[in-house]
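# Pasting the sequence and the predicted coordinates here, then a few questions.
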Amino acid sequence: MLNPSATGTRRNMQQIRRLSSIRCRLVAFSLWCVTGLKAAAEGPQSTPSILAPASTPAHEIYGLSLFVLLITGAIFAVVAGLLVFVIIRFRERESDAQHEPAQIYGSAQVELAWTVIPVLIVVVLFLTTARIIFAIQDEPKPESALDVTVIGHQFWWEFRYPKLNIVTANELHVPVSTSQQPEPTYLRLLSADVDHSFWVPQLGGKTDLIPNHPNEMWIDPEEAGLYVGQCAQFCGIEHAKMLIRVYVDTPQQFEEWAKNQQQPGVQDAAAAEGRHIFESEACMNCHTIEGTTAHGTFGPDLTHLMSRATIAAGAAANTPRNLHAWIEDPNTFKPGALMPAMQLSDQEINEVVAYLTTLH
Ligand code: HEC
Ligand SMILES: [Cu+2]
């Protein structure tokens, strides 16, 4: 015979634990709802958002997530409802100290039910997910599609437009794709070093960039604006500052942008000294500036550096001050960045920055 007061305490503890786990789940669920409602606004968001899709693959994924939420929400309601019912209905009463409750050992029906129903639910979730993955992957590529090769580097992004002969970094420009003028962008994903993952949640799902294994994904953003994302695969010490900015341009903006990117670097005689330093220091081994002797590919292409709003994969705004601090020591904003501090004098850095700021 068990000690009645000890069983009582144990039961109380179990009830408290159950109640607090319900409370945690409720809090998490309401937080999700509140943030969901807040972000459910339309158009580009200033932080990565899975709740405001703006491209076909993102809409499909969002729809699927609502379906999964509906099913799991129903499971939650049933389980939590039963739990609350049982906790109240079978709570410990004064008279319980005298006798043990009825002891039940197994029930074939109940066990079958709670095995078969979850298996069916998992099969349904699996099939709907698989259907959407294949629908997105098998979508035929239209003639009008834009091709971009995305190369992940520790800790920045290289974007190459093979047909347009453009190379840029960290800020991807793509045209808006409307139903009258569909112009999806097909991204071929490669890596120069380790695994990375391209993830701009408003535009599409995550796809990994794996060395020697090209992957492909596509986006068809329906509204112009800036969409943000980030590398979603831990790729080294500065992984957290490997951000992505996708500028969705109107056709006219895109054309202007592309035309400018196709020009060689600006040759401004007033910045000749800075250019000379750039070409005689190791900068030229790692960076390319079209129209100079610099053809390095280890770091971002700087030919049109000033056409970008940020430097260092979104880690800092592209201002002369930040460029100065970056060249003095990249670790100031991005500890672990793979560009060394070049030990230039303050004067030399000023000259180099004066040159870089001419590169529109
Ligand atoms: C060993 C190779 C290497 C050398 C040498 C080097 N860089 Fe870099 N540089 C990089 C890498 C890699 C990055 C990208 C770092 C990141 O974002 O994580 C970078 C980023 C930059 C950026 C920011 C570009 C952008 O769009 O984000 C500028 C500007 C820059 N370097 C200028 C210079 C200058 C000026 C010199 C010479 C004084 C120089 N670099 C020397 C490798 C190098
Ligand atoms: Cu990465």
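That came in fine, so what should we check first? Ligands and ions are numbered 1, 2, ... in the order given.

# For stretch 136-149, buried residues please.
Ile136, Ala145, Leu146, Val148, Thr149 (16 or more other Cβ atoms under 10 Å). For the C-beta atoms, the positions are set from N, CA and C on the backbone; glycine is no exception.

# surely the third one meets Arg188?
Think Leu146. No: assessed by Cβ atoms under 8 Å, Leu146 is found out of contact with Arg188, at 11.5 Å.

# Kindly state the pLDDT recorded for Leu19?
What the model reports as pLDDT for Leu19 is 47.

# Break down the stretch 251-360 of the chain into its strands, ranges please.
310-311, 316-317 (DSSP state E, counting those that start in this stretch).

# Save those as JSON lines, and put in distance to ligand 2 and mean neighbour count too.
As requested, the strands of the stretch 251-360 of the chain are exported to JSON lines (distance: least, Cβ to the ion, whole Å; neighbours: other Cβ atoms under 10 Å):
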{"stretch": "strand 310-311", "distance to ligand 2": "16", "mean neighbour count": "20"}
{"stretch": "strand 316-317", "distance to ligand 2": "18", "mean neighbour count": "14"}
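
# can you redo those as JSON lines with mean pLDDT and distance to Gln109?
Shown next, in JSON lines, are those (pLDDT from 0 to 100; distance: least, Cβ to Cβ, whole Å):
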{"stretch": "strand 310-311", "mean pLDDT": "97", "distance to Gln109": "62"}
{"stretch": "strand 316-317", "mean pLDDT": "96", "distance to Gln109": "64"}
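
# So which of those strands is nearest Ala271?
Ala271 lies closest to strand 310-311 among the strands of the stretch 251-360 of the chain, at 17.9 Å (Cβ to Cβ).

# For the closest one, name the packing helices and strands.
Strand 310-311 is packed against strand 316-317, helix 320-328, with contacts defined by 3 or more Cβ pairs under 8 Å, 6 or more residues apart in numbering; DSSP states H and E.

# Pick the most deeply packed of these.
helix 320-328 (a mean of 17; mean count of other Cβ atoms under 10 Å).

# Counting by contacts, list what that helix packs against.
strand 310-311, strand 316-317, helix 346-356.

# Of all these, which one comes closest to ligand 1?
Ligand 1 sits nearest to strand 310-311 of all the helices and strands packed on helix 320-328, at 3.9 Å, using Cβ to the nearest ligand atom.

# what residues does that closest one touch?
Asn170, Glu171, Leu243, Arg245, Leu305, Ala316, Ala317, Asn318, Asn322, Leu323, Trp326 (Cβ atoms under 8 Å, 6 or more residues apart in numbering).

# Partner strands of it, with direction?
Sheet pairing of strand 310-311 (DSSP bridges) gives strand 316-317 (antiparallel).

# which of the contacts of strand 310-311 are close to ligand 1?
Asn170, Leu305, Leu323, Trp326 (Cβ under 6 Å from any ligand atom).

# Just grab the bridge partners of the spatially most central residue of the chain for me.
The centre of the chain sits closest to Trp199, judged by Cα atoms, centre = their mean, with a distance of 3.3 Å. In this entry, Trp199 is beta-bridged to Gln230, by DSSP bridges.

# And the helices in this protein, which stretches?
Counting by DSSP state H, the chain has helices at residues 4-39, 56-89, 108-138, 251-261, 272-280, 283-286, 320-328, 346-356.

# Go through the helices and strands packed on helix 320-328 and pick out the most buried.
strand 310-311 (a mean of 20).

# Can that one be said to contact ligand 1?
Yes: among the residues of strand 310-311, Ile311 lie within reach of ligand 1 under Cβ under 6 Å from any ligand atom.

# try stretch 252-261
No: if you take Cβ under 6 Å from any ligand atom as the test, stretch 252-261 misses ligand 1, and the best it gets is 13.2 Å.

# pLDDT on that stretch, on average?
97.

# which residues does whichever residue of the stretch 1-150 of the chain sits closest to ligand 2 bridge with?
At 11.4 Å from ligand 2, Val150 is the closest residue in the stretch 1-150 of the chain, using Cβ to the ion. Using DSSP bridges, the bridge partners assigned to Val150 are Phe159, Leu189.

# list the contacts for the closest residue to ligand 2 within the stretch 51-200 of the chain?
Evaluated by Cβ to the ion, the stretch 51-200 of the chain has His196 as its residue closest to ligand 2, separated by 3.5 Å. His196 makes contact with Gly152, Asp208, Leu209, Cys231, Gln233, Cys235, Met242, according to Cβ under 8 Å, 6+ apart.

# could you redo the last one with a cut-off of 10 Å?
For His196, the contact set (Cβ atoms under 10 Å, 6 or more residues apart in numbering) comprises 150-157, 189-190, 207-211, 231-236, 239, 242.

# Also Asp208?
Gly152, Leu189, Ser191, Asp195, His196, Ser197, Phe198, Trp199, Asn215, Met217, Ala232, Gln233.

# among these, which are in reach of ligand 1?
Okay, of the contacts of Asp208, nothing touches ligand 1 (Cβ under 6 Å from any ligand atom).
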